[in-house]
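A.B. asks: requesting a structural model of the entry that follows:
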Amino acid sequence: MRTVRGKRMAAIGVTGAVALFVAACGEAPDSANEGGDAVAKDFKACMVTDTGGVEDRSFNASAWQGMNAAVEAEPAVEVHVKESGSEADYETNLTGFINEGCDLIVAVGGLMGEALTTVAADYPDQRFAIVDAYLPDSPNVFSMEFNTAQSSFLAGYLAAGHSKTGKVATYGGLKIPPVTIFMDGFAEGVAYYNETKDADVEVLGWNPETQNGSFADSFEDSGKGKSLTENFVSQGADIIFPVAGKTGMGTPTVTQGDDALDSIWVDLDGCESAAEYCEEFLTTSEKNIPDAVSEAILAARDGGPTDGHTVGTLENGGVSLSTLREDIDPELAAEIETVKEAIISGDIEIKSEVQPVAS
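C.D. replies: Just a heads-up that it's a prediction; the model follows:
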């Protein structure tokens, strides 16, 4: 057990949406949050998860939180979910919800882009939305993207400044842009720390120049996440940044056994989504999926445009670092706030080529 940790210090650009972690992130119901019995339901919002399901404590869980937040904001909304066991389930789940009369169908994850493009073309009168992809040629799809290179740049700077061994590491679930954008930002943040501090902190697991690195090839295999983490630790890394959904849960199981090791979580504040490991996380590189999904549902219910494109950034609160752990040096925390403002102003330019651009 760690002897110091468990309390958190002032937040660096924390979004309010993650304060409430919906209990429904447990077993996924066939239909959720019926709301008050006296409230007539007039809008049916349905969500198709990527693999990992609503219990992944990461991007699926955060989208499900957003679905339920829409019900909290407007009890006339009802929400339903179908979980994808594999990529082969995407089209089946999407069309299944069409047949069930959903007013809006939310696809979670960039991997679903191809399947949704096909289904949206076949059903042009059906409203859809997608998280982590932009489908400009689908006029009935509302797209939500997040520039997590920005928040992950801050996470990389933090890791470099907090590391005692001079080695930090990252790995991904799959080699796809919504994953590698985190890894790019993290590596660039470490490089910026090295440049400004005349340091030589090394990043294991990802090379942003060659776009090669370590991947579990799964968002569901925590055993593989544990194995990758143990390998990085054997090479001297003391801070690990998994970008791998449920696979990433293998990392805090390793760091929990050694006070010299730490991790940084992604997507949804680890101290909310994986509270039993809160002391292991220095912070979380968050993307505010809950607010984006909730707002998309409410806008669709109000008859808003069927298409559209939003990009979450540090400036608009769509991405952020969660509250920093109590033992982070206050001087380092202040530097991170300065770096954040420099990213927003454009004084620091992040190079990742997979950053989304607002249309």
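A.B. asks: pull the helix or strand with minimum mean pLDDT from the protein.
C.D. replies: strand 31-32 (a mean of 45; mean pLDDT, DSSP states H and E).
A.B. asks: same for the helix or strand just after that strand, what does it pack against?
C.D. replies: As assigned by DSSP states H and E, the chain's next helix or strand after strand 31-32 is strand 43-48. Judged by 3 or more CB pairs under 8 Å, 6 or more residues apart in numbering; DSSP states H and E, the packing partners of strand 43-48 are helix 59-73, strand 77-82, helix 90-99, strand 104-108, helix 289-301. All C-beta spots, glycine's among them, are computed from the backbone N, C-alpha and C.
A.B. asks: can you classify the closest residue to Leu228 other than its chain neighbours as helix, strand or coil?
C.D. replies: Ranked by CB to CB, 6 or more residues apart in numbering and with sequence neighbours excluded, the top spatial neighbour of Leu228 is Tyr171, at 4.8 Å. Of the three states, Tyr171 takes strand under DSSP: H, G, I helix; E, B strand; the rest coil.
A.B. asks: what about the chain, any weak spots by pLDDT?
C.D. replies: The model of the chain has pLDDT under 70 over residues 1-38.
A.B. asks: so what are the domain limits for this structure?
C.D. replies: In terms of domains, the chain is parsed into 16-146+290-312, 148-287+319-345 (source: automatic domain parsing).
A.B. asks: which one of those is the most hemmed in?
C.D. replies: Scoring the domains of the chain by mean neighbour count under mean count of other CB atoms under 10 Å gives domain 148-287+319-345 as the most buried, with a mean of 22.
A.B. asks: that domain: end-to-end distance?
C.D. replies: Domain 148-287+319-345 has its terminal residues 16 Å apart, counting by CA to CA, to the nearest Å.
A.B. asks: so which helix or strand takes in Asn194?
C.D. replies: Secondary structure (DSSP H and E) places Asn194 in helix 177-197.
A.B. asks: so that helix versus helix 59-73, what angle?
C.D. replies: Taking axes from the mean of the first three to the mean of the last three CA atoms, to 10 degrees, one finds helix 177-197 and helix 59-73 inclined to each other by 100 degrees.
A.B. asks: which strand or helix spans Phe142?
C.D. replies: Going by DSSP H and E, Phe142 is in strand 141-146.
A.B. asks: phi and psi next, for Lys167.
C.D. replies: In terms of degrees, to the nearest 10, the main-chain angles of Lys167 are phi -140, psi 130.
A.B. asks: just grab the bridge partners of it for me.
C.D. replies: Glu202 (DSSP bridges).
A.B. asks: separation between it and Gln235?
C.D. replies: Counting by CB to CB, to the nearest Å, the gap from Lys167 to Gln235 is 7 Å.
A.B. asks: need the contact list for the closest residue to Phe215 other than its chain neighbours.
C.D. replies: Excluding the flanking residues, the one nearest Phe215 by CB to CB, 6+ apart is Gly172, at 4.8 Å. Neighbouring residues of Gly172 by CB atoms under 8 Å, 6 or more residues apart in numbering: Val179, Thr180, Phe182, Met183, Trp206, Gly213, Ser214, Phe215, Ala216, Pro242, Val243, Ala244.
A.B. asks: list the residues that contact the residue nearest to Leu228.
C.D. replies: The contact partners of Tyr171, taken as CB under 8 Å, 6+ apart, are 205-206, 213-216, 225, 228-229, 232, 240-244.
A.B. asks: switch to 6 Å and redo it
C.D. replies: Contacts for Tyr171 (CB atoms under 6 Å, 6 or more residues apart in numbering) come out as Gly205, Ser214, Leu228, Pro242.
A.B. asks: can you pull the phi and psi angles for Glu335?
C.D. replies: Dihedral angles for Glu335 - degrees, to the nearest 10 - are phi -60, psi -40.
A.B. asks: any idea how far Leu324 is from it?
C.D. replies: Note on Glu335: its distance to Leu324, by CB to CB, is 12 Å.
A.B. asks: and the residue nearest to Leu228, what are its bridge partners?
C.D. replies: Pro242.
A.B. asks: go through the helices and strands packed on strand 43-48 and name the closest to Met249.
C.D. replies: Met249 sits nearest to helix 59-73 of all the helices and strands packed on strand 43-48, at 11.6 Å, using CB to CB.
A.B. asks: now Leu261, nearest residue through space, not along the chain?
C.D. replies: Closest residue in space to Leu261, ignoring its immediate chain neighbours: Thr255 at 3.9 Å, by CB to CB, 6+ apart.
A.B. asks: now Trp265
C.D. replies: The nearest residue in space to Trp265 (CB to CB, 6+ apart) is Thr284, at 4.2 Å.
A.B. asks: follow-up on the earlier one: which ones among the contacts of Tyr171 lie within helices?
C.D. replies: Leu228 (DSSP state H).
A.B. asks: and the contacts of Tyr171, which is closest to Gly110?
C.D. replies: Nearest member of those to Gly110, counting by CB to CB, is Pro242, at 17.8 Å.
A.B. asks: I figured Asp132 was touching Met112, is that so?
C.D. replies: No: taking contacts as CB atoms under 6 Å, Asp132 lies outside contact range of Met112: 8.6 Å.
A.B. asks: any idea how far the helix or strand encompassing Gly156 is from the middle of the chain?
C.D. replies: Here Gly156 sits within helix 148-162, counting by DSSP H and E. Mean-position distance between helix 148-162 and its chain equals 15 Å (CA atoms, centre = their mean, to the nearest Å).
A.B. asks: what comes into contact with stretch 234-252?
C.D. replies: 52, 56, 58, 159, 163-165, 167-173, 179, 182, 186, 204, 216, 218-222, 224-226, 229, 232, 260-264, 266, 277, 280.
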